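Q: structure for the following, please:
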Amino acid sequence: MSDLSSFYKPMKVILYILLIGLPVLVKAQDLSGLGGRTPLTITGTIGTHNTFYHSSNPYQFRSPLTNTLFANLNFDVYGMQIPLSFHFSNESRDFSHPFARFGMSPRYRNLQVHLGYRNMNFSQFTYSSLSFLGAGVDYQYRLLRVAVFTGSLNQSSEYGHGELTPARPNMYHRPAYGIKLGVGNARNYFDLILFNARDDTLSISPMAGENLLPKENLVAGTSFRLALGQRVSISSDLAASAYNDNMRSSGIEIRDVSWTDDYFTPRFGSVLRFAGDIRANISLGRTNSILHYRLIQPEFNSLGTTHLASNIQQIGMQFNTTLFRNTVSTSFGMHYQEDNVTKTQLYTTTGLVMLLNATARVSERVTISGSYNGFDQQQHDGTLAVNDSIRINRLMHNFSLTPAYTFVDDRNRSHSLTASINGNINKNQNALIADPSETNTFSSNAAYTLGLTDLNMNLTGSLGYISSSSNAYSYHSANIGLGAGKRFLEDESLNIQLNVNLTYGEVNDLSRNLSIMTGIASGYTYKQNHTANFRFSFNNIRNQHLDGLYSMHGLDTTVSIGYTYRFSPVTAGRGDRGAGGSNGNTMPSP
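A: Numbering: from 1, shown residues only. Here you go, the predicted model:
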């Protein structure tokens, strides 16, 4: 059982501060210029997207009907920006749980308020861009920086009782709040951060939570940036996290510190861990350099971030520059990582990553891009010596080369020819291990597009080949694609695109599959405000074992219809006075 009354106290305090402090913050803004502003301007889009899907496969996992309504609007009220978003969808795995979200983040000068489903960013180790349902504020007054939020990171849900893996995951209601106080500006700042979250074990039934562990977390951190002139800056994030992944564990009484129960209850299994990084950015002429170091202790967690890889330390550098009068841009990076930070693991694993990218503009018609990514993984002694028969010694290479040739001929027809060659080599270098994951994959593709300007039409063709092999299998496939598109009407507001793709593949010279996919897509725009789109695709799949063990035939059909209305800047409330002296309203013509 969980009593969150004490946990909610600071959340209520934050909410009261928001309610009482907002009018004060608004009053502190300079409102002298409002008289000359337009009272209301509306921009943004609203629309709907609907998809019907049918498959002859009886084990389809896709919803047969998906309906979505959305709105992304911005209201400018006397210069105060009020972004508003709404999303509703009936898509779910069992087709019975609609999904809807609504949120707005009005802004005026240095003050921004977040209401509904929103996200904020404090630092990478404390609270970083997870959506919450609640309220928050970002405010900066001269050198004072303040950001607070209170709300729920998860809403309680029950989709299965007593199941280890229900169709959708059960979740506890997870209330949370965060505070960031700092001084400085965008170039130089220092922030103190507090984040607190705790699952409500009473928010779902005991049966639904039987295999679900309730969690609690308290994180304190700092974040700073220091600019040394115009060319060098140093930044860092640090955090300490008290984390408990099972609130059902027995609590630990610590004399004279019972006040911490309002924020975090020490229990058997609770851990206190640290994380931090430091980065240096250096800009010299056309060259930009980044040096960084990161350390995250084992079992470091924050419920305010997406999953962080723990028990690692990293050091790396990256350089970006342009050469030969900006005709060649290059980047080079090297990053080293190792685990076993506390030297208590049986073994230590290290990894070295090398990155190289380059793009060259050979002429007005020819460009060439290439990239290489290499990864060397090694295993070393920890508290035990590594046996050579199980030692990890792996080397991976990824490379790509992409030339492109484009020009316009004397008949005003555009030609575009592109090609790509890609490779992936995953090599186990320990001869004592037979590794089935050792694979070699190569692919190539060539595409040509002809643009017929006079006919408002384009034609495309493509060829592709993939080969992949390992100790356990070999796979080869080839595909050919054809497409045609044309714009109709005087204003070219109607566009229709046709595509056909044929793919043939073989696995271990025993199984053959053939896929034929056809599709048509169209879009129509009326007076730049109304856009309707339609898409139809049909996929015919045949898979046959050459020894007659099986033969499968599948048909997939997808139909999508959508509509979007785009607001031209809509102004209302103050217009030019007409002969009758009434206020004018500017609205888009339907």
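Q: ok, now how distant is the nearest residue to His415 once chain neighbours are set aside from Glu364?
A: Nearest residue to His415, sequence neighbours excluded (Cβ to Cβ, 6 or more residues apart in numbering): Phe407, at 5.7 Å. Placement of C-beta: from N, CA and C, glycine included. Distance, Phe407 to Glu364, using Cβ to Cβ, to the nearest Å: 8 Å.
Q: ok, now Gly116?
A: In this view, Gly116 and Glu364 are 50 Å apart by Cβ to Cβ.
Q: these two - which one has more neighbours?
A: Gly116 (18 against 8; other Cβ atoms under 10 Å).
Q: pairing partners for the helix or strand where Asn398 lies, with directions?
A: With elements taken from DSSP states H and E, the one containing Asn398 is strand 393-408. Strand 393-408 has its sheet partners listed here by DSSP bridges as strand 366-381 (antiparallel), strand 413-428 (antiparallel).
Q: make JSON lines from the ones you listed and add mean neighbour count, mean pLDDT and distance to Ile516 to it.
A: Formatted as JSON lines, these follow (neighbours: other Cβ atoms under 10 Å; pLDDT from 0 to 100; distance: least, Cβ to Cβ, whole Å):
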{"stretch": "strand 366-381", "mean neighbour count": "16", "mean pLDDT": "95", "distance to Ile516": "32"}
{"stretch": "strand 413-428", "mean neighbour count": "15", "mean pLDDT": "95", "distance to Ile516": "24"}
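Q: residue ranges with poor pLDDT in the stretch 401-550 of the chain?
A: 545-550 (pLDDT under 70).
Q: picking that back up, how about CSV for the strands paired with strand 393-408, with distance to Ala186 added?
A: Shown next, in CSV, are the strands paired with strand 393-408 (distance: least, Cβ to Cβ, whole Å):
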stretch, distance to Ala186
strand 366-381, 32
strand 413-428, 39
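Q: of these, which is nearest Gly316?
A: strand 366-381 (13.1 Å; Cβ to Cβ).
Q: export that closest one to PDB, keeping only CA atoms.
A: Provided in PDB are the C-alpha atoms of strand 366-381 (Å, rounded to 0.1, in the frame of the first residue of the first chain):
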ATOM      1  CA  VAL A 366      28.500  15.900 -59.900                       C
ATOM      2  CA  THR A 367      28.600  15.300 -56.100                       C
ATOM      3  CA  ILE A 368      30.100  12.300 -54.200                       C
ATOM      4  CA  SER A 369      29.400  11.400 -50.600                       C
ATOM      5  CA  GLY A 370      31.100   8.700 -48.600                       C
ATOM      6  CA  SER A 371      31.100   7.500 -45.000                       C
ATOM      7  CA  TYR A 372      32.900   4.900 -42.800                       C
ATOM      8  CA  ASN A 373      32.000   3.600 -39.400                       C
ATOM      9  CA  GLY A 374      34.300   1.200 -37.600                       C
ATOM     10  CA  PHE A 375      33.800  -0.500 -34.200                       C
ATOM     11  CA  ASP A 376      36.400  -2.600 -32.400                       C
ATOM     12  CA  GLN A 377      35.100  -4.500 -29.300                       C
ATOM     13  CA  GLN A 378      37.400  -6.300 -26.900                       C
ATOM     14  CA  GLN A 379      37.000  -8.100 -23.600                       C
ATOM     15  CA  HIS A 380      39.600  -7.900 -20.800                       C
ATOM     16  CA  ASP A 381      40.200  -9.300 -17.400                       C
END
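Q: so, low pLDDT: which residues of the protein?
A: Using pLDDT under 70, the flagged stretches of the chain are 1-38, 58-61, 78-80, 91-100, 159-168, 209, 253-262, 545-550, 570-590.
Q: host element of His87?
A: Assessed by DSSP H and E, His87 sits inside strand 80-89.
Q: pull the CA atoms of that strand into CSV?
A: Output of strand 80-89 as CSV, limited to C-alpha atoms (Å, rounded to 0.1, in the frame of the first residue of the first chain):
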residue,chain,number,x,y,z
MET,A,80,1.8,36.6,-26.7
GLN,A,81,2.4,33.2,-28.4
ILE,A,82,0.0,30.4,-27.5
PRO,A,83,0.9,27.1,-29.3
LEU,A,84,-1.9,24.6,-29.0
SER,A,85,-1.7,21.0,-30.1
PHE,A,86,-4.3,18.2,-30.1
HIS,A,87,-4.0,14.5,-31.2
PHE,A,88,-6.7,11.8,-31.1
SER,A,89,-6.3,8.3,-32.5
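Q: show residues contacting it.
A: Defining contact as Cβ atoms under 8 Å, 6 or more residues apart in numbering, one finds that strand 80-89 is touched by 44, 66-76, 98-108, 117.
Q: any of those residues buried? List them.
A: 44, 66, 68, 70-71, 73-76, 103-108, 117 (16 or more other Cβ atoms under 10 Å).
Q: one step back: give me the subset of the contacts of strand 80-89 lying in strands.
A: Cross-referencing the contacts of strand 80-89 against strands under DSSP state E gives 44, 66-76, 99-104, 107-108, 117.
Q: can you classify Asp454 as helix, strand or coil?
A: For Asp454, the assignment made with DSSP: H, G, I helix; E, B strand; the rest coil gives helix.
Q: how many residues are close by it?
A: Around Asp454 there are 8 residues (other Cβ under 10 Å).
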